[in-house]
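>>> sequence first, predicted coordinates after that:
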Amino acid sequence: MTRKIIDVPYSISEADPNWTASAATTAASGDGVTEAKLGEYLCPVGLTVVILPLSTLAAYLKDNEAAPAELTDGTPVRIVHVDSAGAIVFDRIKTVYAGIKDFADANKLKRFQGRFAIEQREKLIFYVIPATGVSLNPAASRFEITGRRVSKLLSI
């Protein structure tokens, strides 16, 4: 008996149970060169997340300073896709914060270049390069990546 496939819209965000936010970096620790990890999404067993060329990325990134503020528009952002063994890494998006910070206007959202699938036990890791003297606070930041969720129905 063949199992049926479920294919529905899906979003990966900071609220996803499979997202692990990184610890905040120390205040004033940014050097404008070193990447800070916002966090990582681990695709659970039995699920595939498909990112299409029309899939989008939006984010609101905050620092960890005494008076918390939004990161600057020129802050570099990179999302990588890591295979289940941790051996193969693909850059999926390299951009600056200005290109991903508008959640409201769909025409301004950053789109992925091509189609790819995040299979079980594979990861998406979100990196940011804070400016010199600036930190990153993953717990105060938010983001959303749109895609499709594909899984199989249980059969009897």
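Thanks, I have it.
>>> what are the ranges of the strands in the chain?
Listed in chain order, the strands of the chain (DSSP state E) span 5-13, 19-21, 36-42, 47-51, 56-60, 76-82, 89-96, 110-111, 116-118, 123-128, 142-152.
>>> need those in CSV (columns: distance to residue 104, mean pLDDT and mean neighbour count).
(Each C-beta comes from the backbone N, C-alpha and C, glycine too.) Output for those, formatted as CSV (distance: least, C-beta to C-beta, whole Å; pLDDT from 0 to 100; neighbours: other C-beta atoms under 10 Å):
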stretch, distance to residue 104, mean pLDDT, mean neighbour count
strand 5-13, 16, 92, 13
strand 19-21, 22, 97, 16
strand 36-42, 21, 97, 19
strand 47-51, 21, 95, 21
strand 56-60, 9, 94, 21
strand 76-82, 19, 96, 19
strand 89-96, 18, 94, 14
strand 110-111, 14, 90, 17
strand 116-118, 26, 96, 19
strand 123-128, 21, 97, 22
strand 142-152, 12, 92, 19
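>>> just put those strands in JSON lines and tack on distance to residue 28.
Output for the strands of the chain, formatted as JSON lines (distance: least, C-beta to C-beta, whole Å):
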{"stretch": "strand 5-13", "distance to residue 28": "28"}
{"stretch": "strand 19-21", "distance to residue 28": "20"}
{"stretch": "strand 36-42", "distance to residue 28": "13"}
{"stretch": "strand 47-51", "distance to residue 28": "35"}
{"stretch": "strand 56-60", "distance to residue 28": "21"}
{"stretch": "strand 76-82", "distance to residue 28": "18"}
{"stretch": "strand 89-96", "distance to residue 28": "21"}
{"stretch": "strand 110-111", "distance to residue 28": "28"}
{"stretch": "strand 116-118", "distance to residue 28": "34"}
{"stretch": "strand 123-128", "distance to residue 28": "15"}
{"stretch": "strand 142-152", "distance to residue 28": "23"}
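>>> what's the closest of these to residue 27?
With C-beta to C-beta as the measure, strand 36-42 is the member of the strands of the chain nearest residue 27 (12.5 Å).
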